[in-house]
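Asker: Generate a structure from the sequence data that follows.
(one chain, ligands or ions: 1)
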Amino acid sequence: MNTDKIIIQINKRKDNPLRTIASAVKKNEFGTEELKNLVEGMQTSLAKEEDGVALAAPQIAISKRIFVISPKAYEENAKWKPLVFINPEIKKVSKKVQEMQEGCLSVRWIYGTTERHTSATVEAYDVMGNKFSFGASGLIAHIFQHEIDHLDGVLFIDHGYNLEEYKSEEEYKAKKGIN
Ligand SMILES: [Zn+2]
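Answerer: This is a model prediction of the structure:
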């Protein structure tokens, strides 16, 4: 399966994977070459987007509950292994919310403001099916919320405000942290 696909854009079709609740990865899929290839394909697709910090499987038209985070998002914690989250669930969030600037690889070239919890803890599985828990604040917590929204067919433009459409790619790319 070639999963190194171009990132799909939102459109009005009802069957758009970006508007579908993605399926959980099944027990017998963990540890398989197919799942490993899919995750690698997602990491390759993400690496090609110079402003991209994270990617969910529905963004490459695979309706499965998986997202990956680019090392670009956590350079200061470089000891972390490549971050892959399968069947993620948010277990805890801070009461505190913060306005964030947000963009999406699947909603070019719009940028806007969203309110996100400042910290979040996610439980998920790695490709081998090992369960882990990951707590983070700042950009990583923000990414957790944006990506899990993707797995539920939600886009930041659904709840964001001050949405601005950029005319030029350069102007838009001056923004940071698109996921
Ligand atoms: Zn996105």
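
Asker: okay, CA-based contacts and neighbour counts for the rest of this
Answerer: OK.

Asker: in this structure, which strand has the most residues?
Answerer: Secondary structure assigned by DSSP state E gives strand 83-93 as the longest strand of the chain.

Asker: just the helices in this protein please.
Answerer: Here the chain has its helices, by DSSP state H, at 33-47, 138-151, 156-159, 169-173.

Asker: Which strands and helices lie in contact with the third one?
Answerer: Under the contact criterion of 3 or more Cα pairs under 8 Å, 6 or more residues apart in numbering; DSSP states H and E, the helices and strands touching helix 156-159 comprise strand 110-117.

Asker: per-residue confidence averaged over stretch 49-69?
Answerer: Averaged across stretch 49-69, pLDDT comes to 95.

Asker: just stretch 90-101 next, same as before
Answerer: pLDDT averaged over stretch 90-101 gives 96.

Asker: what's the span of it from first residue to last?
Answerer: 21 Å (Cα to Cα, to the nearest Å).

Asker: For that stretch, list every residue counted as buried.
Answerer: Buried residues in stretch 90-101, defined by neighbour count with 16 or more other Cα atoms under 10 Å: 90, 93, 100, 101.

Asker: about what we covered before: strand partners (parallel or antiparallel) of the longest strand of the chain?
Answerer: Here strand 83-93 has these sheet partners by DSSP bridges: strand 66-69 (antiparallel), strand 119-125 (antiparallel).

Asker: So what touches the last one?
Answerer: Contacts of strand 119-125 with the rest of the structure, by Cα atoms under 8 Å, 6 or more residues apart in numbering, involve 85-94, 131-138, 141-142, 144.

Asker: which one of the helices of the chain is the most hemmed in?
Answerer: helix 138-151 (a mean of 23; mean count of other Cα atoms under 10 Å).
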